[in-house]
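K.L.:
sequence first, then the predicted structure, then my questions.
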Amino acid sequence: MSLPPLVEPADELTIDEVRRYSRHLIIPEVGMAGQKRLKNSKVLVIGAGGLGSPALLYLAAAGVGTLGIVEFDTVDESNLQRQIIHGQSDVGKSKAQSAKESILEANPYTNVVLHETRLDNDNVFEIFEQYDLIVDGTDNFATRYLVNDAAVLLGKPYVWGSIYRFDGQVSVFWAENGPCYRCLYPEPPPPGMVPSCAEGGVLGVLCASVGAAQVTEAIKLLTGIGDPSLGRLNIYEALDLNWRALKVRKDPNCAICGENPTVTGLIDYDSFCGAITEEAADAAAGATISVKQLSEWIKLKDNGEKDFVLVDVREPNEYEINKIPGSVLIPKDQFLTGVALEKLPQDKQLVFHCKSGVRSAEVLAIAKGAGFSDAVHVGGGVVAWVDQIDPSQPSY
């Protein structure tokens, strides 16, 4: 459905701005009024990563007057495959600062406001209140539910996007005029069920396709043109080069925007989404070793003083990038189906590891439930191993 413009027009465009935005100005649906609205707009982008990179650059190029960036991370070399707002010389630099430099190079007329902090319950209202529209480029469920709930409670619209491997999703959520994120996803998936991009990967150019779609929705909302994707979930499949749309209806029983809301304020989102299941947390308690301890165990094993089986529960493509010496690969999904349990020796201690320790904790719970009571897992996983024990291997 069409909506009125979110922002009133600025008083005027300068001669230089008219030259810069001339290709917008000659579009009848945008014109001078639409460009003035963009100039007067204040848009907050959460994250200067895969989705935030193209979103920030295109919002700036379009003439959005004020761009806020919420970002606390630094640039890593593994980011550069998809986070095009950063370059090689930015590695190790604040992502927020790096993004600001690129934005001002793209459009010096944009006012860039940095919020170099992790978005949380203590700061989300104060930050959101400064902006007309939110563009959500986050990659974890706890922050997504925080963004949604804060936007609903403040009456703010926001554009949401999600990416994984070759697929992406885009929608607009605005509880005052349609559904919110909880209407679509009332509950987060079980911990460990949905791999992150860090675990499953993402085609770099997918970020451009989805991020650009988010900016298109933002421009439509700000200027009042077109039909925003409120009540539509747009699904992009890169390998088929196909967009399809699903209707999303406002849920009258929604926990926060329904007729009788049960969520009337911010909650503990980490607990709500859970980093790992309670079973995994219980299994890992007292059964977690460090990479330094594992290194000592490996030396003892080489000397015949200790015997154990080191099991890598990542995916085969991850195993090809780096590995802990002596490990055998049995992916997590084989534990979920029970196939892996037949491969495990009954007479040796099992040591599980993954990339960071989340998947291995889940597998540890399965193994203990199957009777492998002395099994342990490696806290920090192969990331900690490369960082602390063997920096000669590549990270990812």
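P.N.:
Happy to help now that I have it. Numbers count the residues shown, from 1 in each chain.
K.L.:
export stretch 261-271 as PDB, just CAs?
P.N.:
Output for stretch 261-271, consisting of C-alpha atoms alone and laid out as PDB, is shown next (Å, rounded to 0.1, in the frame of the first residue of the first chain):
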ATOM      1  CA  PRO A 261       0.600  -7.500  24.000                       C
ATOM      2  CA  THR A 262       2.600  -9.400  26.500                       C
ATOM      3  CA  VAL A 263       5.800  -7.600  25.700                       C
ATOM      4  CA  THR A 264       5.400  -4.000  26.800                       C
ATOM      5  CA  GLY A 265       9.100  -3.100  27.200                       C
ATOM      6  CA  LEU A 266      12.600  -4.300  26.300                       C
ATOM      7  CA  ILE A 267      13.500  -7.800  27.500                       C
ATOM      8  CA  ASP A 268      16.700  -9.900  27.900                       C
ATOM      9  CA  TYR A 269      17.200 -10.700  24.200                       C
ATOM     10  CA  ASP A 270      20.300 -12.900  24.700                       C
ATOM     11  CA  SER A 271      18.300 -15.100  27.000                       C
END
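K.L.:
from the middle of its chain, how far away would that stretch be?
P.N.:
Here stretch 261-271 is found 20 Å from its chain centre; the criterion is Cα atoms, centre = their mean, to the nearest Å.
K.L.:
state the mean pLDDT of that stretch.
P.N.:
What stretch 261-271 shows for mean pLDDT is 91.
K.L.:
same question for the strand or helix carrying residue 182, mean pLDDT?
P.N.:
Taking DSSP states H and E as the criterion, the element that holds residue 182 is helix 181-184. Model confidence over helix 181-184, given as mean pLDDT, is 97.
K.L.:
go on, stretch 23-43?
P.N.:
Across stretch 23-43, the average pLDDT comes to 97.
K.L.:
what comes up buried for it?
P.N.:
Neighbour-count burial for stretch 23-43 flags 24-25, 30, 34-43 (criterion: 16 or more other Cβ atoms under 10 Å). Just so you know, the C-beta spots here come from the backbone N, C-alpha and C atoms, and that holds for glycine as well.
K.L.:
now do the SS call for the closest residue to residue 84 other than its chain neighbours.
P.N.:
With sequence-adjacent residues excluded and distances taken as Cβ to Cβ, 6 or more residues apart in numbering, residue 84 is closest to residue 53, at 5.0 Å. When the structure is split into helix, strand and coil by DSSP: H, G, I helix; E, B strand; the rest coil, residue 53 lands in helix.
K.L.:
dump the residue contacts of residue 53.
P.N.:
Under the criterion of Cβ atoms under 8 Å, 6 or more residues apart in numbering, the neighbours of residue 53 are 82-86, 99, 207, 211.
K.L.:
cool, and residue 113?
P.N.:
Counted by Cβ under 8 Å, 6+ apart, residue 113 has contacts 66-69, 130.
K.L.:
how about these in CSV, adding distance to residue 189, neighbour count and secondary structure?
P.N.:
Compiled in CSV, the contacts of residue 113 are given as follows (distance: Cβ to Cβ, whole Å; neighbours: other Cβ atoms under 10 Å; DSSP: H, G, I helix; E, B strand; the rest coil):
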residue, distance to residue 189, neighbour count, secondary structure
66, 35, 17, strand
67, 31, 26, strand
68, 29, 21, strand
69, 28, 23, strand
130, 32, 12, coil
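K.L.:
point out where the stretch 51-200 of the chain drops to low pLDDT.
P.N.:
Scanning the stretch 51-200 of the chain for pLDDT under 70 picks out 190-199.
K.L.:
can you pull out the strands in it?
P.N.:
Read by DSSP state E, counting those that start in this stretch, the stretch 51-200 of the chain holds these strands, from start to end of the chain: 66-70, 111-115, 133-136, 158-164, 167-173.
K.L.:
let's have the contacts of residue 53 in TSV, adding distance to residue 186.
P.N.:
As requested, these are exported to TSV (distance: Cβ to Cβ, whole Å):
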residue	distance to residue 186
82	30
83	31
84	34
85	33
86	35
99	33
207	27
211	26
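K.L.:
ok, those residues vs residue 178, which is closest?
P.N.:
When the contacts of residue 53 are ranked by distance to residue 178 (Cβ to Cβ), residue 211 comes first, at 22.2 Å.
K.L.:
for the closest one, give me its contacts.
P.N.:
50-55, 58, 137, 161.
K.L.:
can you tell me the SS state at it?
P.N.:
helix.
K.L.:
any idea how far it is from residue 52?
P.N.:
Separation of residue 211 from residue 52 (Cβ to Cβ, to the nearest Å): 7 Å.
K.L.:
try residue 239
P.N.:
Taking Cβ to Cβ as the measure, residue 239 and residue 52 are separated by 24 Å.
K.L.:
ok, now residue 200?
P.N.:
Using Cβ to Cβ, we find residue 200 at a distance of 19 Å from residue 52.
K.L.:
so for the two, which residue has more residues nearby?
P.N.:
Set side by side, residue 200 and residue 52 show unequal neighbour counts under other Cβ atoms under 10 Å, the larger going to residue 52 at 28 against 13.
K.L.:
identify the residue nearest the more buried one in space, chain neighbours excluded?
P.N.:
What sits nearest to residue 52 in space, not counting adjacent residues and going by Cβ to Cβ, 6+ apart, is residue 137, at 4.0 Å.
K.L.:
quick one: end-to-end length of stretch 376-394, please.
P.N.:
With Cα to Cα, to the nearest Å applied, stretch 376-394 spans 25 Å between its terminal residues.
K.L.:
same check on stretch 260-277?
P.N.:
Using Cα to Cα, the span of stretch 260-277 from its first residue to its last is 29 Å.
K.L.:
residue 44: neighbour count?
P.N.:
A count of nearby residues for residue 44, using other Cβ under 10 Å, gives 24.
K.L.:
that one belongs to a helix, doesn't it?
P.N.:
No: checked against three-state DSSP, residue 44 lies outside a helix; its state is strand.
K.L.:
wait, what's in contact with it?
P.N.:
Contacts for residue 44 (Cβ under 8 Å, 6+ apart) come out as 67-70, 127-128, 130-131, 133-135.
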